[in-house]
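K.L.:
My questions are about this predicted structure, shown below with the sequence.
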Amino acid sequence: MTSDVLLRDVTEGDLPIFFEQQLDPAANTMAAFTAKNPADRNAFMAHWTKILGDDTITKKTILFDGQVAGHVLSFEQFGAPAVSYWIGKEYWGKGIATKALSEFLGHVKARPLYARAAKDNIASLRVLEKCGFTISGEDKGFSNARGEEVEEFILKLEANERDAGKEQGVIETLIQWAEHQPRVRAVLLTSSRAIPNAPADVFSDYDVILAVLDVHPFYEDRTWLEAFGSVLVLYRDPLEPYLGFPKSAYVTQYENGLKIDFTLWPVEILQRVAADPQLPAEFDAGYRVLLDKDHLTDGLKPPTYAAYIPTPPTETEYQTVVELFFHEATYAAKHLWRDDLMAAKYNLDHGMKLDNLRLMLEWRLEIDQHWSVKPGPYGRRLKKWLSLDLWAELESTYTGAGLEANWEALFRTVDLFRKVAIEVGDRLGYAYPHNLDRRAVAYLQKVKNLDRRAESFV
């Protein structure tokens, strides 16, 4: 599993393994820009001896299940900080490069940070994009491995909002406000902004838990929200019991783009959570204590950051998703026959795709990533993790308002679902219900071909 990927300092004992890994012809061809003669051990050792003696180069060995899987480096190239990595071929396809590079970026603070990859090195480009790099330019150079000029992309990792200090400014405002509120006893940050090296952008919200003496004043009077900016719109959760005490929340969008989701807890809830030997998923995914006036959080266990990572479905769960997918398809077909666009779109884009195809796609990517990825709600990060071909197929299932175009989108969705579901079933040892598929598709075709004036389906 990629959760077993670790980084440590490179030692001289790693070099013979690195040497063997870089001998692979397929790996050299893919990387393109390699040593003139990878088989020259003396040249390789001299090169690495120089690297080990250079304190300006950050170098880490990548371990997978305790074995040396490769290395990752940061160094100056063309006058700017750059990064590169090498994974032994036997470790390809396990998500190791992405996990290792993501962790490495926590050690290397220089931004912008650059990387280069041959234009046809799709695997490496995907790894870099998953870690936040974007294409910023193009270049070409002579490839020793290919014996010809090869075009390459230049990729760039910018300083994000956190690095620029804006996030810290919001956090300091929260702390300063809470310090002057006698009824606020603790403030915690959860979700993505509490997870080290998690991706964040200008629209990433702040998930904040306020532990207060009494939630009712904060629930009944929302003027306190203006302390953080001019409120544009908000949603308020009703007061509901949790662990025997009332809780609520304000999902608040400010005019300046800031979004803060405030959860209101009485201090008793936080005390219960801190005393529990097992963290709730929200905390296990990641949390930071921003302020604690009364040591309410002293008993909180450290997060594992593993919450919300999907687990393999049971065969019953797998079969249920297949059946629900085709059930939704019958509704989409019925509404298309009636020319009820909005209802048809709901069943096609929400019921079939968001609820069921998305789930199957997530299982498919988790199989490739060894059940180690948090895909995010609503398929939010699917583009990051799916192959380019699979993402293109998914894109083709979306269309506009035309009736015939939506019928075509419906059958393309069925084709994609079938393809992915069969792959998932094969990998998990579950049989795909081909008979159900054939009968359902025949039904959909019959609905499509049914005369609009028909009074009977038979």
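P.N.:
Cool, got the structure.
K.L.:
Now that we're looking at Lys50, what pLDDT does it have?
P.N.:
On pLDDT, Lys50 comes in at 91.
K.L.:
tell me which element it falls in.
P.N.:
helix 41-52 (DSSP states H and E).
K.L.:
just checking, what packs against that helix?
P.N.:
helix 15-21 (3 or more CB pairs under 8 Å, 6 or more residues apart in numbering; DSSP states H and E). Placement of C-beta: from N, CA and C, glycine included.
K.L.:
partners of the helix or strand that the helix holding Lys50 is followed by, with directions?
P.N.:
The helix or strand immediately downstream of helix 41-52 is strand 58-64, counting by DSSP H and E. The strands beside strand 58-64 in its sheet (DSSP bridges) come out as strand 5-9 (antiparallel), strand 67-77 (antiparallel).
K.L.:
Not counting its own residues, what contacts stretch 226-242?
P.N.:
Stretch 226-242 is contacted from outside by 170, 173-174, 177, 215-216, 219, 222, 225, 246-256, 258, 260, 265, 269, using CB atoms under 8 Å, 6 or more residues apart in numbering.
K.L.:
Need the residues that contact the lowest-mean-pLDDT helix or strand in the chain.
P.N.:
Among the helices and strands of the chain, helix 382-385 carries the lowest confidence by mean pLDDT, DSSP states H and E, at a mean of 86. Contacts of helix 382-385 from elsewhere in the structure, counted by CB under 8 Å, 6+ apart, are Glu129, Lys130, Arg358, Leu361, Glu362, Leu365, Gln369, Val373, Pro375, Trp391, Leu394.
K.L.:
low-confidence ranges in the protein?
P.N.:
1-3, 159-165, 197 (pLDDT under 70).
K.L.:
which residue is nearest the middle of it?
P.N.:
Ranked by distance to the mean C-alpha position of the chain (CA atoms, centre = their mean), the top residue is Pro375 at 4.4 Å.
K.L.:
Now that residue, what are its backbone angles?
P.N.:
phi -70, psi -20 (degrees, to the nearest 10).
K.L.:
need the helices for the stretch 301-450 of the chain, in chain order.
P.N.:
315-338, 341-345, 358-368, 382-385, 388-395, 403-428, 434-449 (DSSP state H, counting those that start in this stretch).
K.L.:
Pull out the buried positions in the fourth one.
P.N.:
Okay, so that is helix 382-385. Residues Leu382, Lys384, Trp385 are the ones in helix 382-385 that count as buried (16 or more other CB atoms under 10 Å).
K.L.:
Is Phe153 part of a helix or strand, or is it coil?
P.N.:
strand (DSSP: H, G, I helix; E, B strand; the rest coil).
K.L.:
residue contacts, it?
P.N.:
Arg116, Ala117, Ala118, Lys119, Leu125, Ile135, Gly137, Glu138.
K.L.:
circling back to that earlier point, out of the buried residues of helix 382-385, which one sits closest to Val322?
P.N.:
Distances from Val322 to the buried residues of helix 382-385, taken as CB to CB, are shortest for Leu382 (19.2 Å).
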